[in-house]
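1. coords please:
(2 chains)
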Amino acid sequence: MTATDASAAAAGRGGAEPTLSVGHLDVVYKVRGRDRLALRDVSFEVGRRESYGLVGESGSGKSTVALALTRYLPRNGRVSAGTVSINGADPLAMSGADLRQLRARAVSMVYQEPGKALNPSIRVGRQVAEVYEIAGLHRAEAAERAEAMLRKVQIADPGQVMGRYPHQLSGGMAQRVVIAMALAAEPALLILDEPTTALDATVEAEVLDLVSALRAEFDTSVLFISHNLAVIAKMCDRVGVLYAGELVEEGPAREVFDNPRHPYTVGLLRCIPRRGQRKDHGRLDTIPGFLPSAGHTLTGCVFAPRCLLAEDRCREVPPPTYQVGAGRTARCYRHDEAPSLPRATPEDKPLPGPAASAETLVQLAGLSKTFVARGSRGAQVHALTGVDLELERGETLGLVGESGSGKTTLARVLLGLLPPDPGATVELAGQPLAADVRRRSRSELKALQIVFQNPDSALNRRHTVRRLISAPLTRLAGLSGERLRARLAELIAAVRLEERHLAMRPNQLSGGLKQRVAIARAFGGGPAVVVCDEPTSALDVSVQAAILNLLADLQAGEQVSYLFISHDLGVVRYLSDRIAVLYLSKVMEIGPAERVFSGPHHPYTEALLSAVPSLDGQRADRIKLSGEIPSATSLPTGCVFHTRCPRRLPSGICESQDPPLLEVEPGHRMSCHIPLDELQNLQRAGQPT
Amino acid sequence: MTDIAVAPATGVAVARPDQTGELTPWRLLLRRPTFLAGAVILLFWLACAIFGNLIAPHNPLAQQLLLTNQAPSGAHWFGTDQLGRDVLSRVIVGARSILFIAFAATVLSTILGTALGLVMGYFGGIVDILAGRLVEAALALPVVIVAFLFIVALGPSPLTIIVVIGLVFTLLIARTVRSTVLVESQLDYLAAARLVGEKSARIMFTEVLPNVVPAVLVEFTVRLGYAIFAIATLSFLGFGVQPPTPDWGADIAHNYVTLGAGYWWMTLFPALAIASLVIGINLVTDSIEQVLAS
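-> Have a look, this model is predicted:
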């Protein structure tokens, strides 16, 4: 191979020996007696004080890298070739005792689920102090150091938190504790594997800030693994892009994301709605085909089967690693042409917005939903309080908000899966809807359908695709025989499934195909409204783009309205005509998508928007939310957002009076005591002091 | 399956092309030596139960009063009992009653238990609470004691045993099925079914039931093993199949008093028969459980 070693590039950046160096690493998993290659020839280095990002879709092998480095591979996995060096020591050659020392002192790991990383039966304080005790401190001193460490990870009342059990912590708080434990040993290398994927955007922003600050303080090198390109862009100096177990591109994060040189990176970046892209600007690009399965026997480039630039040599001989700039490599013959990769999905057909003659299809008024919490003396959980919303024919209403804000409850009430509190109005085309789905007429059932977040849960795994998609056709549309067959063929063509998929069961399909089945089912009865509850958040970026295109196409063709729930603001912006922002059971703001995004907006919307990391360069300043989301069992007095609001008025009105949802501009309503023009001035001026 | 190993816990669905040639559960079972061993034992006793009279070298009922208490020999491999009957023949033919009763009781309890468990798990609330308390109350008593009471009241007959064991096991199976249904009822496909207007009964039997079949299958084999023990115990106590019909439990009961005289074969071979049948069933159960869990 004429490969240029990554180490050569690293040497160029000067300085001491790197904290982590991985050379030509191969990892295999033995599955049913056969070795399947999970990582092939992966080489990279993480320098002192450097933050290195590994980005890739599921199945790319990014977690395998982390496991291999610390010899935590599952029993059927092993490193079959290559070298690893952490602080000059080779973990692959270590004895058990040395390996334990390495894991205790040199390397720390933080995983996605903080709840699983903490022992549920030991108090938080003990767990953190244990790290110091292992390092040789006495119990009292260790407890003292633990408290100091918890203060460092910005836990407000560490003394009190130390006495709690992990289940009494929120997700963000638990992840801080895990980070505190990871840094307590002052490791040379901190491995973060999707550390914020399970957290809300505002909490994620805080945790990421914390990691950045502590990295500087503790002089730690970071290996940051994520599927989220924007998070990597925000957190990392350099980035490596993994695809099917190979490092296809590497370089400084900013440069790789601004000017990618491998067709996979190019395609991946095009799949993400960015820079305010909207459905009426045209379709998102996609990456055709599928990730090769583990243990594939491709002879050439791993990306060749999906690459629109692939030539014969790409399919025959694996490309070497080319040096494509200072400290940049790409494993592609045609790296020069990669930026001009042809589109896989034509951009044409700008999709029309909703019809001008707006007709209200769904009307929700005074909608509240209170759950009685079991076991805690009948405490009431307020999932929705006094929500007023309307949905027009053919439009997409985006519903955003953190977890616990009531988004999913709203959808379930509308669908009749949960009864609202008495006094609510739920109307479809002017007619009141029964609260219980079992009392709704066939035409009402037909009108309202849903695409769930997780197709594994939404599709009965014992039924074939044919049966799943036929259910609404026979039961709602009343089709049978030849007409059923014709409509079925039409539907699967519309969602781009193939005839052969009909006989399969969900477990034989990929995540994207499963979601297509769910979409076909939702559209089977000819609905007027389809609720999309995070329909793409369980999917990879490249699959997400195709699903978003499909939803946009179907909407244009069928004139259906969407209630689109998502925590991904880029996705919501791409698809929505109007947006409603929910916080703690209430609507904070509702209005045309562009107005809500461009502002002036509600302080909560402002905070939410600024919390989301962006691929398009760093935002100048971020509105930081303080504190935790209050419990929904006792909503704050006055404005529910006042406990965290960075723009709370000094007059005390926010604490005492609940601001009504008032129209501040045509079609734009907001629930805030601050007048719109003042908000505008404040938001132009930037972050409050 | 391969994907689990390759991409641990990223929380993101794994994109993969259509998988062909994936092994069916049945083929996975056939690759397990424990399953094969268990299945061979089970099939052997099934054959004995069905064709016992053809296989048995002697008439199991024929008494040879001149040849009582004979130790195992070429003519009588397992020896003869106190009445001079061939122990081997009695063991072979004895498989019939115990297997028939056990199968019938287990099938009965599986059908009723699955239905009850579905209703409890699906409707939840008051139905679940009432039925749940009832199940707990019934299970507080040992199976054999409950069966004993019924048999004393109704008189010993295979039918009584089938009904009694069947009903007690119904409660046990219902409890397991209920917890499986509770997991299923958290899933969105039930909501999806309601949204196309399916009624509760239909959802229970066409949507939920197919998904609890694996758990029911495991439960069936587990209960079959327990049923054999319970029936053997009842027979031993004299409440099962009545003499002179060959029966393992009854034969042990009639002959164990002779152990002191050194006549071990009349007791040992029926006991081994019970043990091997239960072990065979447990081997099959374990394999099924592991294949379904993987």
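2. show me what whichever strand or helix holds residue B:107 is packed up against.
-> When elements are defined using DSSP states H and E, residue B:107 is found to belong to helix B:87-123. Contacts defined by 3 or more Cβ pairs under 8 Å, 6 or more residues apart in numbering or on different chains; DSSP states H and E place helix B:87-123 against helix B:33-55, helix B:125-139, helix B:158-184, helix B:209-236, helix B:248-255, helix B:265-293. C-beta coordinates here come from the backbone N, C-alpha and C atoms, glycine included.
3. I'd like those helices as TSV, with distance to residue A:594 and mean neighbour count appended.
-> As requested, the helices and strands packed on helix B:87-123 are exported to TSV (distance: least, Cβ to Cβ, whole Å; neighbours: other Cβ atoms under 10 Å in any protein chain shown):
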stretch	distance to residue A:594	mean neighbour count
helix B:33-55	63	16
helix B:125-139	47	13
helix B:158-184	43	21
helix B:209-236	45	21
helix B:248-255	82	24
helix B:265-293	51	19
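4. quick one: which of those has the weakest pLDDT on average?
-> Here the helices and strands packed on helix B:87-123 differ in mean pLDDT, and the lowest is helix B:125-139 at a mean of 83.
5. tell me the angle it makes with helix B:87-123.
-> Compare the direction of helix B:125-139 with that of helix B:87-123 by axes from the mean of the first three to the mean of the last three Cα atoms, to 10 degrees and you get 150 degrees.
6. now do the next helix-or-strand element following helix B:125-139 and helix B:125-139, the angle between them.
-> Per DSSP H and E, helix B:125-139 leads on to helix B:143-154 as the next helix or strand towards the C-terminus. Using the same axes, to 10 degrees, the inter-axis angle of helix B:143-154 relative to helix B:125-139 is 80 degrees.
7. which secondary structure elements does helix B:143-154 contact?
-> With contacts defined as 3+ Cβ pairs under 8 Å, 6+ apart, the packing partners of helix B:143-154 are helix B:158-184, helix B:209-236.
8. could you redo those as JSON lines and give each row distance to chain A?
-> Output for the helices and strands packed on helix B:143-154, formatted as JSON lines (distance: least, Cβ to the nearest Cβ, whole Å):
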{"stretch": "helix B:158-184", "distance to chain A": "10"}
{"stretch": "helix B:209-236", "distance to chain A": "4"}
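9. what's near enough to touch the residue nearest to residue A:479 when sequence neighbours are not counted?
-> Computed as Cβ to Cβ, 6 or more residues apart in numbering or on different chains, the closest residue to residue A:479 that is not its neighbour in sequence is residue A:473, at 4.8 Å. Residue A:473 makes contact with A:479, A:484, A:487-488, A:491, A:524-525 under the criterion Cβ atoms under 8 Å, 6 or more residues apart in numbering or on different chains.
10. C-terminal to the helix or strand hosting residue A:176, what's the next element?
-> Assigned by DSSP H and E, residue A:176 belongs to helix A:171-184. Going down the chain from helix A:171-184, the next helix or strand is strand A:189-193, by DSSP H and E.
11. sort out which residues of that following strand are buried, please.
-> Using 16 or more other Cβ atoms under 10 Å in any protein chain shown as the test for burial, strand A:189-193 gives A:189-193.
12. near chain B, list only the ones from the residues you listed.
-> Residues of the buried residues of strand A:189-193 in contact with chain B (Cβ under 8 Å from any Cβ of the partner chain): none.
13. as JSON lines, those with pLDDT and distance to residue A:174 would be great.
-> Compiled in JSON lines, the buried residues of strand A:189-193 are given as follows (pLDDT from 0 to 100; distance: Cβ to Cβ, whole Å):
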{"residue": "A:189", "pLDDT": "90", "distance to residue A:174": "22"}
{"residue": "A:190", "pLDDT": "90", "distance to residue A:174": "17"}
{"residue": "A:191", "pLDDT": "91", "distance to residue A:174": "18"}
{"residue": "A:192", "pLDDT": "90", "distance to residue A:174": "15"}
{"residue": "A:193", "pLDDT": "89", "distance to residue A:174": "16"}
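14. residues of the stretch 151-300 of chain A that sit close to chain B?
-> Counting by Cβ under 8 Å from any Cβ, the stretch 151-300 of chain A sits next to chain B at A:194, A:197-198, A:227, A:290-295.
15. among those residues, who's most crowded?
-> Taking other Cβ atoms under 10 Å in any protein chain shown as the neighbour criterion, residue A:291 ranks highest of those with 28 neighbours.
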